[in-house]
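fold the stuff below for me.
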Amino acid sequence: MLQRFSVQLARLSWWLTMAAWAALIAQQAADLARFDAPWPAWLIRTLPLLVFLPVLLKRHRLGLIWLCIVDLLYFVSSVEGVFALSGDRLAQLGLVLTVLLFSAIAGYLAVSRKT
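Residues are numbered from 1 along each chain as shown. Model (predicted):
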């Protein structure tokens, strides 16, 4: 019974990781689009997340840890955005998504080790 619960929890945290990753890319793209950013800015902001697609698809544990480290950089950027653009919902969404991505990956890594 406990083993089945762990498998379900790992599956849930995995899908939450994928959803948060995709939503963070969409949030970064929306943030760039509203300021009419040039294409190099799009590469700088979205490419570091897109590089981790093969890692996510293979569920590579070490790669997921590296994604957490990269996510911390997005977290710092989001905190800066929240304070610089007070009341900006898109910046606040970015902050929530970075915390959600980090938490979902940490949860997946903790539960999947036991399954």
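
and residue 82, what does it touch?
Residues in contact with residue 82, defined by C-beta atoms under 8 Å, 6 or more residues apart in numbering, are 88, 91, 92, 95. For the C-beta atoms, the positions are set from N, CA and C on the backbone; glycine is no exception.

share the number of residues neighbouring residue 71, please.
Residue crowding around residue 71 was assessed by other C-beta atoms under 10 Å; the count is 24.

who's in contact with it?
Taking C-beta under 8 Å, 6+ apart as the contact definition, residue 71 lies against 24, 98, 101, 102, 105.

and if we set it to 10 Å?
The neighbours of residue 71, taking C-beta atoms under 10 Å, 6 or more residues apart in numbering as the test, are 20-21, 24, 48-49, 52, 78, 97-102, 105.

need the pLDDT of residue 1.
Among the per-residue scores, residue 1 shows a pLDDT of 62.

the one 4 residues further on now?
Residue 5 carries a pLDDT score of 80 in this model.

does residue 101 touch residue 21 like I think?
Yes - with contact defined as C-beta atoms under 10 Å, residue 101 counts as touching residue 21 (5.9 Å).

what is in contact with these two at once?
If you check residue 101 and residue 21 against C-beta under 10 Å, 6+ apart, the residues they both contact are 49, 67, 71.

which strands or helices does the helix or strand of the chain with the lowest mean pLDDT pack on?
Comparing every helix and strand of the chain by mean pLDDT, DSSP states H and E singles out helix 2-34 as the least confident one, with a mean of 92. Helices and strands touching helix 2-34, by 3 or more C-beta pairs under 10 Å, 6 or more residues apart in numbering; DSSP states H and E, are helix 39-50, helix 53-58, helix 61-84, helix 89-112.

just say which of these is most tucked in.
A comparison of the helices and strands packed on helix 2-34 by mean neighbour count, using mean count of other C-beta atoms under 10 Å, puts helix 89-112 on top with a mean of 18.

before we move on, back to that, would you format the contacts of residue 71 as JSON lines with distance to residue 35 included?
Supplementary listing: the contacts of residue 71 in JSON lines, determined by distance: C-beta to C-beta, whole Å:
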{"residue": "20", "distance to residue 35": "23"}
{"residue": "21", "distance to residue 35": "23"}
{"residue": "24", "distance to residue 35": "18"}
{"residue": "48", "distance to residue 35": "19"}
{"residue": "49", "distance to residue 35": "18"}
{"residue": "52", "distance to residue 35": "25"}
{"residue": "78", "distance to residue 35": "15"}
{"residue": "97", "distance to residue 35": "18"}
{"residue": "98", "distance to residue 35": "19"}
{"residue": "99", "distance to residue 35": "23"}
{"residue": "100", "distance to residue 35": "24"}
{"residue": "101", "distance to residue 35": "23"}
{"residue": "102", "distance to residue 35": "26"}
{"residue": "105", "distance to residue 35": "29"}
